[in-house]
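>>> Sequence and predicted structure below; questions after.
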Amino acid sequence: MDEKAVHELIRKKQAEDSIRQEFEGTLADRVARYLEVKPHEIVPYTHFSAISAECSLLFRDGHYYGCIALTQAVAEALVRFLCTKNTFKPVKKFEENVRKLSTRTFISDKVKESLLKIWEGRDDYHHLNTSIENDRQTLEELAREKTRLLVEVERDVFRFTIVDGKINPENRKYWDISSDQMQVFLRLDP
């Protein structure tokens, strides 16, 4: 084996050891954070279903900036989805879409408030303005709050029951149902 290959094997082993130590050292905290913000278990299969689940994973792993920004992006996609499914064209302004959904009673006041709370500071995190939070504890709390709110919104909007082993969605228009089958995105416990 040549010297370059030996150095590459050593670097690989060092990286592996470093990542393992970090993982083992943070495992208990990651588990605790994940249990705080577990995603809603079953949602319709949409373009943002998998991405929404990543919000919880980013929070779990302590990637708070990414978690905040992604949670806001998913909220925006969800609101546009709701507008479209309720047969009106979404406008560019998030707050206006949320207001219309609320006024037309497609979402509850609680969902409206949650969506607007998620959206707070959106431009700051989207554009990485100098005003974004730097304190890790404050960032963690902000990411936790926004992720929890997104989970609550999805639980409300994509509410379902299980009847005779079948998923029975409350808001059927949000689910792609064909005959007695539908496409879903499963986000069950790991």
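Yep, that arrived.

>>> For the rest of this, base every contact and every neighbour count on C-alpha atoms.
Noted.

>>> Distance check, residue 74 against residue 63.
Applying C-alpha to C-alpha, to the nearest Å, the value for residue 74 to residue 63 is 16 Å.

>>> thinking residue 58 is in contact with residue 64, fair?
Yes. Using C-alpha atoms under 8 Å, residue 58 is in contact with residue 64, at 6.8 Å.

>>> per-residue confidence averaged over the longest helix seen in the chain?
Counting by DSSP state H, the longest helix found in the chain is helix 3-36. For helix 3-36, mean pLDDT is 88.

>>> Next SSE downstream of it?
Downstream of helix 3-36, the first helix or strand assigned by DSSP states H and E is strand 42-44.

>>> partner strands of that following strand, parallel or antiparallel?
Within its sheet, and counting by DSSP bridges, strand 42-44 is paired with strand 184-186 (antiparallel).

>>> So which bits of stretch 123-135 are buried?
125-126, 132 (16 or more other C-alpha atoms under 10 Å).

>>> could you pull out the strands for this protein?
42-44, 160-163, 166-169, 177-178, 181-182, 184-186 (DSSP state E).

>>> Distance from the second one to the middle of the chain?
This means strand 160-163. 23 Å (C-alpha atoms, centre = their mean, to the nearest Å).

>>> Residues contacting it, please?
Outside strand 160-163, the residues that touch it by C-alpha atoms under 8 Å, 6 or more residues apart in numbering are 167-170.

>>> among these, which ones are buried?
Applying 16+ other C-alpha under 10 Å to the contacts of strand 160-163 flags residue 169 as buried.

>>> Can you show me the CA trace of stretch 77-97 as CSV?
Taking Å, rounded to 0.1, in the frame of the first residue of the first chain, the C-alpha atoms of stretch 77-97 are listed here in CSV:
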residue,chain,number,x,y,z
ALA,A,77,-45.5,25.2,1.4
LEU,A,78,-48.3,23.9,3.6
VAL,A,79,-50.2,27.1,3.4
ARG,A,80,-49.9,27.3,-0.4
PHE,A,81,-51.0,23.6,-0.5
LEU,A,82,-54.1,24.4,1.6
CYS,A,83,-55.0,27.4,-0.6
THR,A,84,-54.8,25.3,-3.7
LYS,A,85,-56.7,22.4,-2.2
ASN,A,86,-59.4,24.9,-1.1
THR,A,87,-59.7,26.1,-4.7
PHE,A,88,-58.1,29.5,-4.5
LYS,A,89,-54.8,30.7,-5.9
PRO,A,90,-52.3,31.6,-3.1
VAL,A,91,-50.8,35.0,-3.3
LYS,A,92,-47.1,35.8,-2.6
LYS,A,93,-47.7,37.2,0.9
PHE,A,94,-47.8,34.4,3.5
GLU,A,95,-49.8,36.3,6.0
GLU,A,96,-52.5,37.1,3.5
ASN,A,97,-52.9,33.4,2.6
